[in-house]
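Asks: Dropping the sequence and predicted coords here.
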Amino acid sequence: MRTNLFELLLALEWSPMAVLVLIAVRLLVEIVAATGASRCAQERLRFGGCPWRRLRPQMRRPREMSAGEWPYGTFLQRLAPPVRMTLLGLGVRRQVPAGQIVIHEGIRESHLVLLEEGLTKVTASLPDGRSALLSLRVGGDLVGEMSALNNAPRSATVTTCGPARYSVIQPDRFKQFLKEHPDAALELAAMVSDRLRWSNRRRIDFTSYPVKLRVARVIAELCRTHGRQGSDGIIIDVRLTQPDLATICGASETAIQKALRELRTDGLVDTDYRRITVRDLSSLRKLGNLESSDD
């Protein structure tokens, strides 16, 4: 019945991300409703002769990091310290080099990937054989939640852009974690909502703004998600090529080059090899028609 409902929503031209938000909210309601009923069972599990530690993977616990050490908006940054440490202990930890595919588009699998260190890119195949860059994910981000929630094939590919460390979490363990920590379920719904907002904003940008404004809006948001304060401005520590920026902005590489040249002339940004420094974030926001809270 649930599958039929989601297929109906897709047929009514709901976007996949909107359907995902609906799935997350519905899952949240089920989790909150089940929390009271499952509490006694959890207590029996802890104190009824079955040591809780036996259900955890045998591995060295990760060093705790404060919320401020995780990039703003990531799933780990949203969680309280005890909940964060519980989540970090759920999975099997892996360390991989650059260019490693951690999630394959089209594969039917349902585990989640919790990124701990490194930068990854999320891409999807286009009908003409090219790949579209959908987003970037960094340490602290959770990926693969869509397939974990609806058991559908992967909708995108996630590839490491450099050496990375992450944990693989099985969906049953993650759902149990959400039952035990309803606040984490709320943060999961908020994270999915933020990603839907990003997707909708990109769709609006493609139809409503010229390329220069699209570039300004994307760079302003990258300042929030991947920026650090430097002596000359905000440095975006992401190895983002002009073709990558072109796919995010929905423009040609030539148009991106022109827009960046104009932003440099205006004194708003400096560009170096795969690095952008924002000299005047306030003016960049104003150019992109962004309120201070929008990016």
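Replies: Cool, got the structure. Predicted model only: the values in this text are computed from it and were never measured.

Asks: Low-confidence stretches in the stretch 151-295 of the chain?
Replies: 200-208, 225, 237-239, 274, 291-295 (pLDDT under 70).

Asks: any chance you could map the helices in it?
Replies: 171-180, 182-208, 211-226, 242-249, 253-265, 281-287 (DSSP state H, counting those that start in this stretch).

Asks: quick one: pLDDT of G36?
Replies: Predicted confidence (pLDDT) at G36: the value is 48.

Asks: returning to what we had before: out of the helices of the stretch 151-295 of the chain, which one sits most buried?
Replies: helix 211-226 (a mean of 22; mean count of other CB atoms under 10 Å). To be clear about C-beta, it is placed using only N, CA and C from the backbone, and glycine gets the same treatment.

Asks: how about it as PDB, C-alpha atoms only?
Replies: In PDB, the C-alpha atoms belonging to helix 211-226 read as follows (Å, rounded to 0.1, in the frame of the first residue of the first chain):
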ATOM      1  CA  VAL A 211      24.500  32.800 -14.700                       C
ATOM      2  CA  LYS A 212      26.400  35.400 -12.700                       C
ATOM      3  CA  LEU A 213      23.700  35.500 -10.000                       C
ATOM      4  CA  ARG A 214      23.500  31.700  -9.900                       C
ATOM      5  CA  VAL A 215      27.300  31.500  -9.300                       C
ATOM      6  CA  ALA A 216      27.100  34.200  -6.600                       C
ATOM      7  CA  ARG A 217      24.300  32.200  -4.800                       C
ATOM      8  CA  VAL A 218      26.200  28.900  -5.000                       C
ATOM      9  CA  ILE A 219      29.400  30.400  -3.800                       C
ATOM     10  CA  ALA A 220      27.600  32.100  -0.900                       C
ATOM     11  CA  GLU A 221      26.100  28.800   0.200                       C
ATOM     12  CA  LEU A 222      29.500  27.100  -0.200                       C
ATOM     13  CA  CYS A 223      30.900  29.700   2.300                       C
ATOM     14  CA  ARG A 224      28.400  28.400   4.800                       C
ATOM     15  CA  THR A 225      28.900  24.700   4.200                       C
ATOM     16  CA  HIS A 226      32.600  24.500   3.400                       C
END
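
Asks: Show me the contact partners of it.
Replies: 71-73, 136, 138, 198, 201, 205-206, 209, 234, 236-238, 240, 245, 248-251, 255-256, 258-260, 262-263, 268-269, 276, 278, 281, 284-285, 287-290, 295 (CB atoms under 8 Å, 6 or more residues apart in numbering).

Asks: Make TSV out of the helices of the stretch 151-295 of the chain and add distance to G89.
Replies: Output for the helices of the stretch 151-295 of the chain, formatted as TSV (distance: least, CB to CB, whole Å):
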stretch	distance to G89
helix 171-180	10
helix 182-208	14
helix 211-226	26
helix 242-249	34
helix 253-265	42
helix 281-287	37
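
Asks: ranges for the strands of the stretch 1-150 of the chain?
Replies: For the stretch 1-150 of the chain, applying DSSP state E, counting those that start in this stretch gives strands covering 92-96, 101-103, 112-117, 119-125, 131-138, 142-143.

Asks: Which of those strands has the lowest mean pLDDT?
Replies: Among these, strand 131-138 scores lowest, with a mean of 78.

Asks: and the strands of the stretch 1-150 of the chain as JSON lines, adding mean neighbour count and distance to I169?
Replies: As requested, the strands of the stretch 1-150 of the chain are exported to JSON lines (neighbours: other CB atoms under 10 Å; distance: least, CB to CB, whole Å):
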{"stretch": "strand 92-96", "mean neighbour count": "14", "distance to I169": "8"}
{"stretch": "strand 101-103", "mean neighbour count": "18", "distance to I169": "12"}
{"stretch": "strand 112-117", "mean neighbour count": "22", "distance to I169": "5"}
{"stretch": "strand 119-125", "mean neighbour count": "19", "distance to I169": "16"}
{"stretch": "strand 131-138", "mean neighbour count": "19", "distance to I169": "15"}
{"stretch": "strand 142-143", "mean neighbour count": "23", "distance to I169": "9"}
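
Asks: Brilliant, that's me finished.
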